[in-house]
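Chemist: Pasting the sequence and the predicted model now:
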Amino acid sequence: MFSSLRPKRDVRTAIVTAVEQLTPRMTRVTASAESLVGVDIGPARDIELFLDDDGRRVKRRYTIRQSRPATGEIDVDVFLHGHGPGSRWADGARPGSAMEFVGPRGKLELRPADWHLFLGDEASLPAVTALVEALGPEVDTYAFIEVTDRFDQLPLSARTPRWLHRGSRPAGTPDLLERELDAFTPPEGLGRAYVLTESRVAARLRKLLPSYGVAADNVFAKGYWNSPS
């Protein structure tokens, strides 16, 4: 029997065991924590990682892409946003490095539905892939993911994955995802949607989704990052 998760005030320590470059802008950091042995972690739960930013202690949240309760290992996939503290941490992580974090935690739940629609970008790709895998191949899933180009793409087991390449256009606008929604014909039955994008984009798409066949109470929207503009 797996133990329950600790309260969020508890700080855990872990040791980095491996680092892997998944794409030019996505790094996987694998870490092991004794306190996570036997802890069953639901899909797309995240940790709040404590980092050093020029002498200041800051926090950044990252999705747990995979977990292995038998060994207490977690994989954290970090999208490299420029040169911030999170990107610097992922670039400098090496086996044997120590890390401190709070979690796992999260409010997203996969509820029964006839079909599921995921709208996301590079920052939410670890969460989207974990959720699609948790639903399984027998479930009707659609995933529209905005990325810079094909080099940001990762294996995604949705029945209908669509990669939207923004190229040199700025990130953090709803244009590409809105255009894809306009071309989307919702299947019959109850639909659930998960909007995991830049904060303002998530808010806008959430308001639009009822007109695309998803009732407002069947939409989960979360901002994964904030555009500076």
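Modeler: Received, thanks. Not measured: the values here are computed from a predicted model.
Chemist: where does this structure dip in pLDDT?
Modeler: Under the criterion of pLDDT under 70, the regions of the chain flagged as low confidence span 1-9, 229.
Chemist: Could you pull out the strands in it for me?
Modeler: Listed from the start of the chain, the chain has strands (DSSP state E) covering 11-23, 26-32, 46-53, 56-68, 73-79, 98-105, 115-121, 140-147, 160-165, 191-198, 219-225.
Chemist: Please identify the buried residues of the fourth one?
Modeler: Right, the one you point to is strand 56-68. The neighbour-count check on strand 56-68 (16 or more other Cβ atoms under 10 Å) flags 60-67 as buried. For every residue, glycine as well, the C-beta is placed using N, CA and C.
Chemist: Neighbouring strands - and their directions - for that strand?
Modeler: strand 46-53 (antiparallel), strand 73-79 (antiparallel) (DSSP bridges).
Chemist: So which of these is the most surrounded?
Modeler: Relative to the other members of the strands paired with strand 56-68, strand 73-79 carries the highest mean neighbour count by mean count of other Cβ atoms under 10 Å, namely a mean of 23.
Chemist: what's the angle from that one to strand 115-121?
Modeler: 60 degrees (axes from the mean of the first three to the mean of the last three Cα atoms, to 10 degrees).
Chemist: how far is strand 73-79 from where the chain is centred?
Modeler: Put simply, strand 73-79 sits 10 Å off its chain's centre (Cα atoms, centre = their mean, to the nearest Å).
Chemist: Would you confirm that Val147 contacts Gly167?
Modeler: No: the pair Val147 / Gly167 is not scored as a contact, 10.0 Å apart, by Cβ atoms under 8 Å.
Chemist: Please say which of these two ends up with more neighbours.
Modeler: With neighbours defined as other Cβ atoms under 10 Å, Val147 and Gly167 compare such that Val147 has more, 24 against 7.
Chemist: Cheers, nothing more for now.
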